[in-house]
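Visitor: Structural data only, the sequence is not supplied:
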């Protein structure tokens, strides 16, 4: 007896009102290209990611993009305009501006990473303690955060640099301490939100120790918005570090920091505009690219 077979792709009615379609034999499974479509619809995000990747490469391996010495110049080639020999021109000592900008990313980005790390660790710790422990500790810590918020970040950074001294690392620490309040407030708010969740209450009801609850449930679920804030603060930290370097609080010459490059070129604006324009454009584009990536991460997190 031959059992009749049903053609591929036909509909089956296992129960009244329910239509189930069997896949055809030659039908390809749907491709998971959601991420590709997401990137193709956002060319600005793709450009930002590529640019930030190049900046990170310049920060940790500047010889790959600019193998020359940023401190060596040819006096006969001083103040040459951008051209084939020197893409971004030369400065008042005949040094290649492109090489100095690429090598300047190392100092500027490393200082920015230190600043964001200090703000993230200290601010996150303060926010977690205030939101998880509550009580008098919450009041004391948040009043201290309010004091930090009452002082402008630039003035607080200048005061800390005056106490710590000059230097790239000290500038980074000062900028990081000035940003602690933002991280503390966001981390406290997220900790309070997660602390009232059902799974946290269930963990407490079965006798889970407080440190286990904090590490397994509270921290992983409260860290998302704080990490997005860290990416956003990365751009602000670049501006803060470059501003203090412009004022002369960073690495001493001839170290090529982005802020100090702008400060060196301001005296030659009338005859060599590129000395200020190129490092200034590097700062501006880096901040915009980081902010674009931060917006994308925030949008994906909120879905």
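Guide: Thanks, I have the structure now. Everything numeric here is computed off the predicted structure, so don't read it as measured data.

Visitor: just the strands in the stretch 101-250 of the chain please.
Guide: Counting by DSSP state E, counting those that start in this stretch, the stretch 101-250 of the chain has no strands at all.

Visitor: Point out where it drops to low pLDDT.
Guide: Filtered on pLDDT under 70, the stretch 101-250 of the chain yields no residues whatsoever.

Visitor: go with 80
Guide: Low-confidence segments of the stretch 101-250 of the chain (pLDDT under 80): 196-208, 210-217.

Visitor: Helices of that one, residue ranges please.
Guide: Applying DSSP state H, counting those that start in this stretch to the stretch 101-250 of the chain gives helices spanning 135-150, 153-164, 168-178, 180-195, 198-205, 210-213, 219-246.

Visitor: Out of those helices, flag the one nearest residue 105.
Guide: Closest approach to residue 105 among the helices of the stretch 101-250 of the chain is made by helix 219-246 (10.1 Å; CB to CB). Any C-beta I mention is one placed from the backbone N, CA and C, and that applies to glycine too.

Visitor: Check which helices and strands the closest one is in contact with.
Guide: Secondary-structure packing of helix 219-246 (3 or more CB pairs under 8 Å, 6 or more residues apart in numbering; DSSP states H and E): helix 97-133, helix 153-164, helix 168-178, helix 180-195, helix 258-265, helix 274-302.

Visitor: Tabulate those helices (a markdown table), appending distance to residue 213 and mean neighbour count.
Guide: As requested, the helices and strands packed on helix 219-246 are exported to a markdown table (distance: least, CB to CB, whole Å; neighbours: other CB atoms under 10 Å):
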| stretch | distance to residue 213 | mean neighbour count |
| --- | --- | --- |
| helix 97-133 | 9 | 23 |
| helix 153-164 | 34 | 16 |
| helix 168-178 | 29 | 24 |
| helix 180-195 | 9 | 22 |
| helix 258-265 | 44 | 24 |
| helix 274-302 | 23 | 18 |
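
Visitor: Now the terminal residues of stretch 77-95, how far apart.
Guide: When the termini of stretch 77-95 are compared using CA to CA, to the nearest Å, they are 8 Å apart.

Visitor: For it, which residues meet the burial criterion?
Guide: With burial defined by 16 or more other CB atoms under 10 Å, the residues of stretch 77-95 counted as buried are 77, 80, 82, 86, 88-92, 94-95.

Visitor: Thought residue 274 was touching residue 81, still the case?
Guide: Yes. Contact criterion CB atoms under 8 Å: residue 81 and residue 274 qualify, at 7.0 Å.

Visitor: Which residues are in contact with each of those two?
Guide: Here residue 81 and residue 274 have residue 89 as joint contacts, going by CB atoms under 8 Å, 6 or more residues apart in numbering.

Visitor: got the contact list for residue 128?
Guide: With contact set as CB under 8 Å, 6+ apart, residue 128 has these partners: 187-188, 191, 214, 218-219, 222.

Visitor: Check residue 43 too.
Guide: By CB under 8 Å, 6+ apart, residue 43 lies in contact with nothing.

Visitor: Compute the distance between it and residue 290, please.
Guide: 17 Å (CB to CB, to the nearest Å).

Visitor: what's the answer for residue 244, then?
Guide: Distance of residue 244 to residue 290, given as CB to CB: 18 Å.

Visitor: Repeat that for residue 79.
Guide: Residue 79 is 32 Å from residue 290, where distance means CB to CB.
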